[in-house]
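>>> Return atomic coordinates for the entry below.
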Amino acid sequence: MAEREFVIILSDIHIGIPSSDEKYFLRVLDDIIACKNDIKEVILLGDIFELWAYPPDELPPTLEDIITFYPNILGIHGKLNEALTALEGRVVFIPGDHDMMVSEADLKKLRNQEGYTIKYKSDAYIPDYDKHTLFTHGNAFTLLNAPFYRSRLAPLPLGYFLSRVISCNKGNKDYMFSITNFLLKNQALFKCSFNGFDFMSEFVNTIAYIAGMPRNFDITIDKNTKVSLNDIKWIYKEVFDEDNLERLILSLIGELNGMYFPFYAKEYAKKKGADFVIAGHTHTALFPINDGSCQYANTGTMCASDSLMSMKPITCGIFNCFNRKFELIKMGDGMTNSIQSYLEERDSRKTVINTKENIPNLESSEKQLTFGWSVYNQEWEYYKIMQEGVLSKAKELGIDVITKDQKNNSVEMVTGSIELIKKDRVNALLISPYDPQEIPYIVKNADQNGIPVVVIDGGTAGADVLAFIVSDSFGGGILAGEYALTLIQKYSIASKNTAIIKAEKTATYALRRGEGFQRVMIENGYQVVYEASANGRKELAYEEMKKILAIYKKDLAVVFCENGNMTLGAAQAIEEAGEKGKIMLIGFDADPSVIEAIKMGMVQGTIAQQPFKMGEIGVEIAYMGVLKKSIQYDDWTTKEILMEVYLIDESGKPSINLR
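Okay, here's the model as predicted:
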């Protein structure tokens, strides 16, 4: 099939509560679904969600509140999930200022029945298909709205509180522009001592005066935090000094027209090795501005509630990956324009192989291929299934496979891999490593012999592999934590204590599962009272679970195990102690024995990986490498290809539609 040519860029939608106009966003998502085969990626370029602009005495909504409020867009059957499925997960989110509090963990709350997730990029994003184009929201270029980490309210910047104060005057359409103009014209402000606190004090006093808001009036940030404008003077006194007076003025001017942005944006892009930067934030749609060394473009806004909509039309950006051309699509009230009509006019397409959809025929290679497969432990159920995927896809493609069993031993892993490389002279090496720290040594030997290496699960220790296929472990931990909360509520469990039985220390990515689980539990008022490694083994998990029960038998809500073997060991100990069904047990992996334990009520659920599919894709990617075909990554810097995970609940049923 033809290589996907276009990137769709959406920014400044500001989906918040009370309701925003959904029609433009829904129209764009319909276009994206219709044009899925032409779209390489959709980039949500910040300020997608509105978490700032609420009156100071109101509790701002959480992302979950917003998801619930907009089922047509954000719900499990909503249009965004439909687009995510159509694109097979090719959606990236970069936070702006108004949604800088949205984390990678939060994005997991946008559930997708097919298991796809939106990729999170914390700041700037340089994609693998164009390493000289940088995408960023742009708030980092302003003094008022850049994340501020030197305070107890980090990362909230001063601009957050300016936005909250402004929101108490929602009846005045042009209030933001009035307050900015007033600040710029306030001579007393710029004549005062510019030594941090004095200037901040005058700045805050000016804001309070304009807003008619008492300086001791509390601004509600979340359920546990309130601050007054008087507090702000001290918290943000380090924002201003003489060295950044110019940036302050430019930041204020930027709220009026945003025209100072290109300079700062292009300087930042150059430092990152890019010669094209595409931003949002200003709500000012701009075609590329080119100074000869770097281009700047702005997507404008999809926000239908902008007070100056007649001057700033609803727009989205389209970036052509082939010719690096940026164009704007204007979404008028008459809905006459669309991404679909624009793309239908473009008939030039290039042919390229896509790793997941169109595997080339073996006829294109000159001889029979042989791949090496170094497996963590072929007796463990999870790796048995992965190996079945490897062998099945290899047979389909006419590839021979030589297998080496590491038997979860570092020496066996290294010696077996080197034997495949130097003695057996395989065409490619696939490895699911017991000890990822040894991967750089193996890759070095493979490179010397012209052999590409594909790592499946475990980790790479930074080695430059052909590809690293790995499950979304952190997201799986988040999913496990959220499911734990559901079980606790369902069974009216009073305890606030939880425990985690962890994988071996070498399993870098598996350990992220516990990190995700722990984050959810702590954020919801629970504590992890026991955390110990069982090295992935059933018998060691059994012993650790007995230790946990000896201390917390009568005061324990849930236990999370980071793999299937350990889940079974913990389940045995809980049953022997007579606590089956009283202490919730959630695992990771969907081995047949784990599913059987769920059906028997010994385990209340598990997070399932897709080891068979991982094995299949590993062979496909290695094949592409041997044939020198292009490969698409979820993260080109680490060569990661992420595999979705899903929940199997206490009924034993998966939460997604497996294909």
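
>>> Let's check: the centremost residue of the protein is which one?
Y120 (2.5 Å; CA atoms, centre = their mean).

>>> what about the closest residue in space to that one that isn't next to it in sequence, how many neighbours?
The shortest distance from Y120 to any non-neighbouring residue, by CB to CB, 6 or more residues apart in numbering, is to E104 (4.0 Å). For every residue, glycine as well, the C-beta is placed using N, CA and C. Neighbour count for E104, taken as other CB atoms under 10 Å: 20.

>>> what's the pLDDT at E104?
On the pLDDT scale, E104 is placed at 84.

>>> That one and E50, how far apart?
Per CB to CB, to the nearest Å, E104 is found 20 Å from E50.

>>> Would you mind measuring from the residue nearest to the centre of the chain to V165?
30 Å.

>>> Also K384?
61 Å.

>>> Tell me which of these two has more neighbours.
V165 (24 against 16).

>>> roughly how far is the helix or strand encompassing that one from the heart of the chain?
Assessed by DSSP states H and E, V165 sits inside helix 158-166. Centroid displacement of helix 158-166 relative to its chain, using CA atoms, centre = their mean, to the nearest Å, is 27 Å.

>>> D634: what's it in contact with?
D634 makes contacts with G89, K119, E640, I641, L642, as judged by CB atoms under 8 Å, 6 or more residues apart in numbering.

>>> partner residues bridging W373?
T403, L430 (DSSP bridges).

>>> what's the pLDDT at it?
So W373 comes in at 98 (pLDDT).

>>> repeat for G196
For G196, the predicted pLDDT is 55.

>>> Please apply the same query to D218.
90.

>>> Kindly report the same for I656.
pLDDT, I656: 57.

>>> Then K628?
Confidence score, pLDDT, at K628: 86.

>>> Going by neighbour count, list what's buried in stretch 206-224.
For stretch 206-224, the neighbour count (16 or more other CB atoms under 10 Å) marks T206, I207, A208, I210, A211, M213, R215, F217, I219, T220, I221 as buried.

>>> Please list the members of those that lie in strands.
Counted as lying in strands by DSSP state E, out of those, are I219, T220, I221.

>>> As a check, name the ranges of all strands in the stretch 351-500 of the chain.
Secondary structure of the stretch 351-500 of the chain (DSSP state E, counting those that start in this stretch): strands at 370-375, 400-405, 428-431, 453-456, 467-471, 497-502.

>>> Distance to V594 for those - can I get that in TSV?
Below are the strands of the stretch 351-500 of the chain laid out as TSV (distance: least, CB to CB, whole Å):
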stretch	distance to V594
strand 370-375	19
strand 400-405	22
strand 428-431	24
strand 453-456	20
strand 467-471	15
strand 497-502	14
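
>>> Format those strands as TSV; extra columns: mean neighbour count.
As requested, the strands of the stretch 351-500 of the chain are exported to TSV (neighbours: other CB atoms under 10 Å):
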stretch	mean neighbour count
strand 370-375	25
strand 400-405	17
strand 428-431	29
strand 453-456	28
strand 467-471	26
strand 497-502	25
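
>>> Surely H283 forms part of a helix?
No - under the criterion used here (DSSP: H, G, I helix; E, B strand; the rest coil), H283 is coil, not part of a helix.

>>> what's around it, how many residues?
Neighbours of H283 using other CB under 10 Å come to 24.

>>> ok, for it, nearest residue in space, not its chain neighbours?
According to CB to CB, 6+ apart, the nearest residue to H283 is T301 (4.2 Å).

>>> ditto for V645
Using CB to CB, 6+ apart, the nearest residue to V645 is G476, at 4.1 Å.

>>> go on, N409?
N409 sits nearest to Y434 (CB to CB, 6+ apart), 6.4 Å away.

>>> residues in contact with the one you found?
Y376, N377, Q406, N408, N409, S410, E412, M413, G458, T506.

>>> Please flag which of the residues you listed sit within helices.
S410, E412, M413 (DSSP state H).

>>> thought the first one was touching P433?
The reference is to S410. No - if you go by CB atoms under 8 Å, S410 and P433 don't touch, sitting 9.1 Å apart.

>>> show me what contacts the residue lying closest to H281 once chain neighbours are set aside?
Here the nearest residue to H281 in space, its sequence neighbours aside, is G138; by CB to CB, 6+ apart that works out to 3.8 Å. Residues in contact with G138, defined by CB under 8 Å, 6+ apart, are G46, G96, F261, A265, A279, G280, H281, T282, N298.

>>> of these, closest to P592?
G46 (44.0 Å; CB to CB).

>>> I'd like the distance from that closest one to M331, if you could.
Counting by CB to CB, the gap from G46 to M331 is 18 Å.

>>> Without its sequence neighbours, what residue ends up closest to K505?
Here the residue nearest K505, using CB to CB, 6+ apart, is S533, at 6.5 Å.

>>> shouldn't that neighbour be in contact with A503?
Yes - because the distance of 6.9 Å satisfies CB under 8 Å, S533 is recorded as touching A503.

>>> More neighbours: the two, which one.
A503 (25 against 20).

>>> Can you tell me the closest non-neighbouring residue to the more buried one?
That would be A510: by CB to CB, 6+ apart, it lies 3.9 Å from A503.

>>> same check, this time on T506
According to CB to CB, 6+ apart, the nearest residue to T506 is D435 (4.9 Å).
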